[in-house]
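**Q** Just to be clear, the model below is a prediction. Sequence and coordinates:
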Amino acid sequence: MTEATTQEALRIDKEKSANVRVWDPLVRTFHWGLVAAFAVAWLSAEELDTVHEIAGYVVAGLVAFRLVWGLVGSRYARFAQFLRSPGATLSYLRDMVQGKERRYLGHNPAGAAMIVALLVTLSGTAFTGWLLEEPDRVAMLPSVPVIVAPAWADNDRDDHEYGQRGEVDGLLKEVHEALASLMLLLVALHVGGVVLASFRHHENLARAMVTGGKRAPGPGDIA
């Protein structure tokens, strides 16, 4: 074994020993499970209704789990650990633009804001999809007062109510599709942020979400 090879092996061993566990198995399973479920839901829309509905329920279940795990989970999974004020988030974004943002062992403020945006958008997408699955569920929504002329015949009133239901269903579908499209935009921004942070801080964040380990915090890092 040459001296260069020996030094490279020692460097790799040192890096491995310097890694710390950040993402627990449930966080990693949630993350990649959500990626798969949303991809299936998006690709099956308008084509495979049953598959689309099942994927939607999986997304809803994963979001519900993450909300609970954000309260009682491991250190870096908890919302209290990584959520920052709007001012701190804007300050971090300014530092990013200037290329001087600090490295966070867990989620950085921009990533934390993205998590909130993703969870809210996913919740809205799943909820509107659930409403659309059964027309009677729309009745659960707050009703809009409608002035009905007493002279209307019963069948006219039924036709009017049917027309209103169609309008509500059409609006819900538009909202559902708009939220799904917004999710694609958020995913693109999220991936872009991960790539940028990986480049700036010289670590593979996608791999860290697979292995759970990240480089130990150094001087100036926030753990």
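**A** Nice, I can see it.
**Q** ok, the most centrally placed residue in the chain - contacts?
**A** The structure's the chain has its C-alpha centroid closest to residue 118; by CA atoms, centre = their mean the separation is 3.2 Å. Shown in contact with residue 118 (CB atoms under 8 Å, 6 or more residues apart in numbering): 183, 186, 187, 190. Glycine gets a C-beta too; all of them are placed from N, C-alpha and C.
**Q** 6 Å - rerun?
**A** residue 186 (CB atoms under 6 Å, 6 or more residues apart in numbering).
**Q** For this protein, just list every one of the strands.
**A** 19-21, 213-215 (DSSP state E).
**Q** Of those strands, which stretch is the most buried?
**A** strand 213-215 (a mean of 19; mean count of other CB atoms under 10 Å).
**Q** With distance to residue 196 and mean pLDDT as new columns, can the strands of the chain be given to me in JSON lines?
**A** Formatted as JSON lines, these follow (distance: least, CB to CB, whole Å; pLDDT from 0 to 100):
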{"stretch": "strand 19-21", "distance to residue 196": "22", "mean pLDDT": "91"}
{"stretch": "strand 213-215", "distance to residue 196": "16", "mean pLDDT": "94"}
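**Q** can you tell me which of those comes nearest to residue 105?
**A** Nearest to residue 105 among the strands of the chain is strand 213-215; the distance by CB to CB comes to 6.2 Å.
**Q** Direction included, what does that closest one pair up with?
**A** Next to strand 213-215 in the sheet, as set by DSSP bridges, lie strand 19-21 (antiparallel).
**Q** re earlier: so which of the strands of the chain comes closest to residue 92?
**A** Among those, strand 213-215 comes nearest to residue 92, with 18.1 Å by CB to CB.
**Q** residues in contact with that closest one?
**A** 19, 21, 22, 203, 208.
**Q** can you tell me how far residue 193 sits from residue 99?
**A** 14 Å (CB to CB, to the nearest Å).
**Q** Neighbour count: those two, which is higher?
**A** Set side by side, residue 193 and residue 99 show more neighbours around residue 193, with 16 against 8, by other CB atoms under 10 Å.
**Q** Mind pulling up the pLDDT for the residue nearest to the centre of the chain?
**A** Residue 118 is assigned 97 on the pLDDT scale.
**Q** Distance check, it against residue 107.
**A** On the measure of CB to CB, residue 118 and residue 107 end up 12 Å apart.
**Q** could you measure residue 177 against residue 129, distance?
**A** From residue 177 to residue 129 the distance is 10 Å (CB to CB).
**Q** Please say which of the two ends up with more neighbours.
**A** Set residue 177 next to residue 129 and count neighbours by other CB under 10 Å: residue 129 wins out with 24 against 15.
**Q** ok, the more buried one touching residue 57?
**A** No: using CB atoms under 6 Å, residue 129 is not in contact with residue 57; the gap is 9.2 Å.
**Q** residue ranges with poor pLDDT in the chain?
**A** 1-18, 135, 138-169 (pLDDT under 70).
**Q** so who does residue 106 touch?
**A** Going by CB under 6 Å, 6+ apart, residue 106 touches 76, 81, 82.
**Q** Tabulate those (TSV), appending distance to residue 221 and neighbour count.
**A** TSV is the format used below for the contacts of residue 106 (distance: CB to CB, whole Å; neighbours: other CB atoms under 10 Å):
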residue	distance to residue 221	neighbour count
76	13	19
81	15	15
82	14	20
